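1. Have a look at this prediction, sequence included:
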Amino acid sequence: MNVTVKINQADAAAEIASTPLELLNPAKVERFADDTIWPVFARLRREDPVHFTPDSEFGPYWSITKWNDIMAVDTNHEAFSSAEGIALVNLVSAAEQEKIMGPQRRGAGFITMDEPEHGPARLAVSPTVAPGNLRTMAPQVRERAGLILDSLPIGTEFDWVDLVSKELTAMTLATLFDFPFEQRRKLPWWSDMIMNRPGHGPVESWQQKGAAVAECFAAFQELWDQKVDAPPSNDLISMLAHNPATRNMPVENYRGNVVLLIVGGNDTTRNTISGSVVALNKFPDQYAKLRANPDLILPMISETIRYQTPLAHMSRVATRDVEIGGKTIKKGDKVAMWYISGNRDEDVIDRPNDFIIDRERPRQHMSFGFGIHRCVGNRVAEMQLTIIWEEILKRFPEIKVVGEPVLNFSPFVHGIETLPVIIPTRN
């Protein structure tokens with residue numbers, strides 16, 4: 001298996017090196033699924049860090065691939081708008097989806113708002129994910145993490161994504177939403193249904209996808225109806241229902257916020273939990289370092305978030321002509337900020353392709369974004385990841401990856417569908 005992967009990687013690198021620069025489409029989804037994206041971004045950082053793709057399945061778009069240029073776009077919300085959505089959209093898939101679900105707004109949650117609307121809407125959910133509330137949640141998350149880990153088989157192969165990453169994320173999301181706990185696995189399932197197209201993840205057809213999204217919206221409408229007439233509480237839906245900035249928002253804005261919170265709360269944490277196991281197996285010296293010094297858990301998590309980069313890009317649309325890296329991006333042009341490339345920028349990150357858990361500046365990464373749209377739930381992710389690894393190190397000397405992970409078929413969510421592992425023994 002490893003030999004095949006190496007040949008495929010070598011073939012891909014050769015093909016990418018020989019492709020005329022103007023024909024490079026960094027968002028080509030197959031490269032994300034087979035993990036051959038890295039030579040594309042390495043070449044663009046070297047040769048064309050502000051790169052235009054004139055024709056693709058996403059339409060024409062710019063790719064920003066170096067740290068400083070990404071930062072310049074991400075922190076300039078006046079010149080680069082989120083109002084048309086935050087991800088490159090496959091045009092054929094969007095048309096198919098409209099046939100089933102009707103016309104869709106590209107974005108309606110607070111992450112797709114510009115100022116002045118964005119700030120108050122974001123502020124509505126912030127108390128739920130504030131440090132004080134997370135400290136209150138932490139003992140419950142720890143108890144659940146322990147139950148998950150204690151239920152795992154020893155000496156038998158299983159899928160880490162299903163039994164650990166999805167389960168912990170589902171439990172925490174259900175608590176944040178005050179969603180029925182016994183139905184918690186619907187939350188990551190809905191996230192997968194929303195983010196995938198037929199033939200990938202759990203999505204079998206556009207009709208099935210449409211039905212799943214309708215079920216999700218109906219469940220959250222019921223939750224809203226319960227919360228809006230009840231006394232305020234500290235969960236995300238109650239916060240939205242009782243805050244003056246969001247209480248009377250249109251239904252499409254509420255649905256957009258639901259999608260944002262489900263997908264954002266699911267994908268970052270879940271894929272970093274899985275990605276940490278993959279990276280520690282790929283760099284066993286770092287795994288040994290972690291076992292010898294559990295104080296390295298938090299920097300290891302930050303390094304995983306950089307190395308994995310759970311969301312590969314965010315997109316914007318230029319509101320006026322802007323010069324970036326010597327190129328003029330025209331008003332109305334779509335721009336993809338490739339966080340996954342910025343996190344491997346050799347000019348900013350020392351040995352960026354290595355996984356090093358005791359870096360001098362472990363939080364130096366782009367994965368949560370910058371500026372007004374910086375990830376509102378980043379501390380929730382770090383809390384869950386810290387707790388799960390503290391509990392892992394108490395129990396297991398090693399988690400051994402025993403097969404190739406299956407990666408997401410997506411240029412947006414950079415994640416792991418399945419991860420076969422064996423835990424040889426307990427402590």
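-> Yep, it's here.

2. Over to the residue lying closest to T169 once chain neighbours are set aside: give its phi and psi.
-> Nearest non-adjacent residue to T169, counting by CB to CB, 6 or more residues apart in numbering: R270, 4.4 Å away. Every C-beta, even on glycine, is put in place using the N, C-alpha and C of the backbone. Phi and psi for R270, reported as degrees, to the nearest 10, are phi -60, psi -40.

3. What residues does R270 make contact with?
-> Each residue near R270 by CB atoms under 8 Å, 6 or more residues apart in numbering is listed here: V161, S165, K166, L168, T169, P188, G415.

4. and what of T156?
-> For T156, the contact set (CB under 8 Å, 6+ apart) comprises I422.

5. That one belongs to a strand?
-> No - T156 sits outside any strand when classified using DSSP: H, G, I helix; E, B strand; the rest coil, being coil.

6. quick one: it from V402, how far?
-> When CB to CB, to the nearest Å is the yardstick, T156 and V402 sit 11 Å from each other.

7. who touches both of those two?
-> I422.

8. so how far is the helix or strand T304 falls within from its chain's centroid?
-> Using DSSP states H and E, T304 falls within helix 297-308. With CA atoms, centre = their mean, to the nearest Å as the basis, helix 297-308 stands 14 Å off its chain's centre.

9. So which elements touch it?
-> helix 251-282, helix 284-292, helix 378-395 (3 or more CB pairs under 8 Å, 6 or more residues apart in numbering; DSSP states H and E).

10. Tell me which strands the very next helix or strand once past the last one pairs with, and in which orientation.
-> Right, the one you point to is helix 378-395. Using DSSP H and E, the helix or strand that directly follows helix 378-395 along the chain is strand 400-401. Note on strand 400-401: by DSSP bridges, its sheet partners are strand 420-422 (antiparallel).

11. so for the partner strand, what's the average pLDDT?
-> In this model, strand 420-422 carries a mean pLDDT of 98.

12. Residues contacting that strand, please?
-> By CB under 8 Å, 6+ apart, the residues outside strand 420-422 that reach it are 155-160, 277, 399-403, 405.

13. ok, so of those residues, who is nearest F220?
-> Nearest to F220 among these is D159, at 27.9 Å by CB to CB.

14. circling back: then the helix holding T304 to PDB, C-alphas only?
-> Extracted in PDB, the C-alpha atoms of helix 297-308 (Å, rounded to 0.1, in the frame of the first residue of the first chain):
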ATOM      1  CA  ILE A 297      -0.600  18.400  24.600                       C
ATOM      2  CA  LEU A 298      -1.700  22.000  24.000                       C
ATOM      3  CA  PRO A 299       1.200  22.900  21.600                       C
ATOM      4  CA  MET A 300       0.700  19.600  19.900                       C
ATOM      5  CA  ILE A 301      -2.900  20.500  19.300                       C
ATOM      6  CA  SER A 302      -2.000  23.900  17.800                       C
ATOM      7  CA  GLU A 303       0.600  22.200  15.600                       C
ATOM      8  CA  THR A 304      -2.000  19.700  14.400                       C
ATOM      9  CA  ILE A 305      -4.400  22.500  13.600                       C
ATOM     10  CA  ARG A 306      -1.600  24.100  11.500                       C
ATOM     11  CA  TYR A 307      -0.400  20.800   9.900                       C
ATOM     12  CA  GLN A 308      -3.900  19.400   9.200                       C
END
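
15. That one: what's the following helix or strand?
-> Sequence order places strand 313-318 as the next helix or strand after helix 297-308, per DSSP H and E.

16. circling back: from the helices and strands packed on helix 297-308, which stretch is densest packed?
-> helix 251-282 (a mean of 23; mean count of other CB atoms under 10 Å).

17. after the lowest-mean-pLDDT helix or strand in the chain, next one along is what?
-> When each helix and strand of the chain is scored by mean pLDDT, DSSP states H and E, helix 118-125 comes last, with a mean of 60. Where DSSP H and E defines the elements, the next helix or strand beyond helix 118-125 is helix 131-150.

18. in that following helix, what's buried?
-> Neighbour counts using 16 or more other CB atoms under 10 Å place N133, L134, M137, V141, R142, R144, A145, G146, I148, L149 of helix 131-150 among the buried residues.

19. same thing with stretch 353-369?
-> Quick answer for stretch 353-369 (16+ other CB under 10 Å): F355, I356, I357, R359, P362, H365, M366, S367, F368, G369.

20. and which of those residues is nearest P244?
-> Using CB to CB, those come closest to P244 at G369, 26.6 Å.
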